[in-house]
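A.B. asks: could you look at this predicted model? Sequence included:
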Amino acid sequence: MTTVDEERPAPPELAPARRVRPTPATALYDAFGPRGRRRVLVATVVSVAVLAGFAVFVLYRLDRYGHLQRARWSYVLSPEILRYLGEGMLNNLKASVIAGALALVLGLVLALGRLSGTRAIRVPAVAWIEFFRGFPLVLLILFPYLLFPVYLRAVDPLWYVVIGLTLYNSAVIAEVYRAGILSLDRGQQEAAYAVGLRHGQAMRLVILPQAIRRMVPLLLTQLIILFKDSTLGVAVTYPDALRRGETMGSFEPRVVFQAIIVTAVMFFLVGLVASRLVGVLERHWSRG
Amino acid sequence: MNGVDFLADSLPVFWAGFRITVLLALASYAGALILGAVLAVLRISPAAPARAAGLAYVEWFRNVPLLVHLFVAILCLPKLGVRIGPFTAAFLVLAMYTAAQVCEALRSGVNAVPRGQAEAGRALGLTFGQNLRHVILPQAARTVVPPLGSVFIALVKNTAVASLIGVVDLTYQFGELARDEPGQVMTLLVAVAFGYLVMTIPAGYAVARLQRRAAVAR
Amino acid sequence: MTDPSTPLIAVEHVDKWFGSLHVLRDVNLDVRRGEVVVVVGPSGSGKSTLCRVINRIEPIDSGVIRVDGRPLPAEGRALARLRADVGMVFQQFNLFSHRSILDNVTLGPVKVRGIPREQARRRARELLARVGIADQADKMPAQLSGGQQQRAAIARALAMDPKVLLFDEPTSALDPEMINEVLDVMTTLAGDGMTMVVVTHEMGFARRAADRVVFMADGQLLEQAPPTDFFDHPRTDRARDFLSKVLTH
Ligand SMILES: Nc1ncnc2c1ncn2[C@@H]1O[C@H](COP(=O)(O)OP(=O)(O)OP(=O)(O)O)[C@@H](O)[C@H]1O
Ligand SMILES: [Mg+2]
């Protein structure tokens, strides 16, 4: 059967070829009917009850062991102690900033190395990346701590933390950059060659600026992880917030519980705010 | 003593540590998969308080560093009359910490299934359960396997943190041996590196392969 | 229930909102057994929504929809059973991307109707032959062209032996050269007496296959008429305006 549609070619605004309505997230559930809504209500009530029960249980336990005593909390939340812990947090930040900056640079070098056409450059870059990525970070912090006194001389623990964080994150960040470069479509590269740029120029002027811009949210997310990982400095006696929280507990044993919880909450707030900011940035950029 | 003899002597110690590391990783992964699935159900539940609880859990475990959780388990729990050894503490914390990652992997897998697929299933007359089983979960599974592999690799590496609360794993044994024989640190380094890379690198390649397979299948 | 005089689909005083957007306004529509109703209208007028409320992929806010005399169940097994009797073909095909074409076609019969697998497979192959893609049975959906996928989707719907088939712009996502292969299948179905509700911009198909053309604008059903009347003597300004844009003479 043949059809001759003399009437077909319609004006563009009425010929919706390939127009797809943006699909909202999960389509798991059908629209709820009365019974469905009743079930959701029951589930809501049950989950509130379970959560309330859990909260009551925790509060009861806390109270029974005296952890709700005002004095304990006000001791830990006093300005001096908060300052003491806050300075610990600044030590986390210090190690993170140094290691983060180093890892961003080193990671870029490694990524370019891994994408290089020269075997002699590519192979060591791949080896470095695969080796340090596959390694537990604690060990990378412990190595310099153990090696330095034997082969060179002991240095400030800060540097053991920085070295460990840098080695590990240079490998992780290299892969972030590489993914960014590879995700740019070939057209960009070809266009760059077409206007007469050489490989190095194309990378520097066209590919990298776009790849890095695209990767900024991921890089920032990795830097937040790096910051959290700086707590592993505890392994080499670096006086970070966690170590200070722990030490406080050892000279005032009655507040160990409060000290650790306050430290945890501090990390939680910093991490939450930082990752929310990255989220905002990401949405802002994907729109603009 | 030369490096080879030293290594031969310390092999049993390394082996003991390696076994603890493997055991800790596998046990926590199993726990994390189960708990993570429960959390994912909460996170996509139509009941708002369940969703909120799931979200709070995930945010807490995502934003507080692992070592802090471990300290909470060994320093705070005893103050509540809960006494657990370092291995149990590490197992529970690693399972709970990793469960948050598992939950997010599962959730994004389900959300990645296009809405039209679920609608087509419904339009055929599949019930909620049938649609889940025959249409949504099989497709979610494909996107979920590679991230779950990465989660496992991260977990293997994270087990090393447990050595800081006294779990006698590979890293712990390495530290002990290095303190006893500072001159042999380089040899020990090679050995412990081998211990971890032997787990993480093959797992990494397995994940990459699964990723390619999943990419081809669609 | 199967009194031939009751309309197969009865849409009575149906209203639907998306938030503050009134997408269906007091819509009334009857579809008789064996009838082919083509729904046309400008973009955003609510055609897809009308199509989707008939098997409750979208719920309605007020009014009644009956299929074969029975009001649409709100949920659960009863709704699933009803949907099994109302086939649906989507603009984006929505073939199950993890299953072969054959498995796409057998899934419903086996899981919903409880038909033995072998029997379902035989039937599926017949249907695939009928829509002209018998040789594609063992491929995955992504390996087929758009036109072939849409024909497979039609076979999948037919496999349920539906009382009625709903089509929501079945050719809008297709490259021009594939549109006719799908329209041909639909025209044949219409000729075979299948009850169909078709949302489409293909006016040629409407002229050729429709028993009745329904014109929608702003969520309202403004005109219903046999195709020749509608195309040659539209009664409302909206319809005249619409036709003047769609039909290029
Ligand atoms: N899920 C939804 N949520 C909110 N608004 C929606 C939704 N689906 C459709 N709409 C809106 O409802 C109106 C009617 O949509 P519908 O898809 O039914 O129109 P249509 O006639 O099929 O248009 P088209 O020819 O573009 O497919 C449109 O304004 C659309 O933006
Ligand atoms: Mg539409």
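C.D. replies: Nice, thanks for sending it over. Ligands and ions are numbered 1, 2, ... in the order given.

A.B. asks: for chain B, which residues are neighbours of chain C?
C.D. replies: B:114, B:116-117, B:119-127, B:130, B:134-135, B:138-139, B:142, B:217-218 (CB under 8 Å from any CB of the partner chain). C-betas here are computed from N, CA, C, even on glycine.

A.B. asks: can you map out the helices along the chain?
C.D. replies: Using chain A here. Per DSSP state H, chain A has helices spanning A:34-64, A:70-76, A:79-114, A:119-133, A:137-151, A:157-183, A:186-194, A:199-201, A:208-229, A:241-251, A:256-287. These are given in chain order.

A.B. asks: hm, I was asking about chain C
C.D. replies: With DSSP H applied, chain C shows helices at C:47-53, C:76-85, C:101-108, C:117-130, C:146-158, C:176-191, C:203-209, C:227-232, C:237-246, listed in chain order.

A.B. asks: how about a markdown table for those helices, with mean pLDDT added?
C.D. replies: Shown next, in a markdown table, are the helices of chain C (pLDDT from 0 to 100):
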| stretch | mean pLDDT |
| --- | --- |
| helix C:47-53 | 95 |
| helix C:76-85 | 91 |
| helix C:101-108 | 96 |
| helix C:117-130 | 95 |
| helix C:146-158 | 95 |
| helix C:176-191 | 93 |
| helix C:203-209 | 92 |
| helix C:227-232 | 92 |
| helix C:237-246 | 90 |
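
A.B. asks: among the ones you listed, which comes closest to chain A?
C.D. replies: Proximity to chain A, assessed across the helices of chain C by CB to the nearest CB, is greatest for helix C:203-209 (3.5 Å).

A.B. asks: give me the neighbour count for whatever residue of chain C ends up closest to chain B.
C.D. replies: Residue nearest to chain B within chain C (CB to the nearest CB): C:A84, separated by 3.0 Å. Neighbourhood size, C:A84 [other CB atoms under 10 Å in any protein chain shown]: 21.

A.B. asks: for it, which non-adjacent residue is spatially closest?
C.D. replies: Distance criterion CB to CB, 6 or more residues apart in numbering or on different chains; nearest residue to C:A84, sequence neighbours excluded, is B:G125 at 3.0 Å.

A.B. asks: wait, that neighbour sits on C:M160?
C.D. replies: Yes. Using CB atoms under 8 Å, B:G125 makes contact with C:M160 at a distance of 6.8 Å.

A.B. asks: so where is chain A shaky, pLDDT-wise?
C.D. replies: For chain A, residues meeting the criterion pLDDT under 70 lie at A:1-26, A:185, A:287-288.

A.B. asks: what's the residue closest to the geometric middle of it?
C.D. replies: By CA atoms, centre = their mean, chain A has its centre lying nearest to A:T221, at 3.2 Å.

A.B. asks: run through the residues that contact the residue nearest to C:A84.
C.D. replies: Neighbouring residues of B:G125 by CB atoms under 8 Å, 6 or more residues apart in numbering or on different chains: C:A80, C:R81, C:L82, C:R83, C:A84, C:D85, C:G108, C:V112, C:M160.

A.B. asks: residues from chain C in reach of chain B?
C.D. replies: C:55, C:57, C:76-77, C:80-88, C:90, C:92, C:94-98, C:107-108, C:111-112, C:140, C:142, C:153, C:156-157, C:160.

A.B. asks: now, of those, which are buried?
C.D. replies: Buried members of the residues of chain C next to chain B, counted by 16 or more other CB atoms under 10 Å in any protein chain shown: C:55, C:57, C:80, C:82-88, C:90, C:92, C:94-98, C:107-108, C:111-112, C:140, C:153, C:156-157, C:160.
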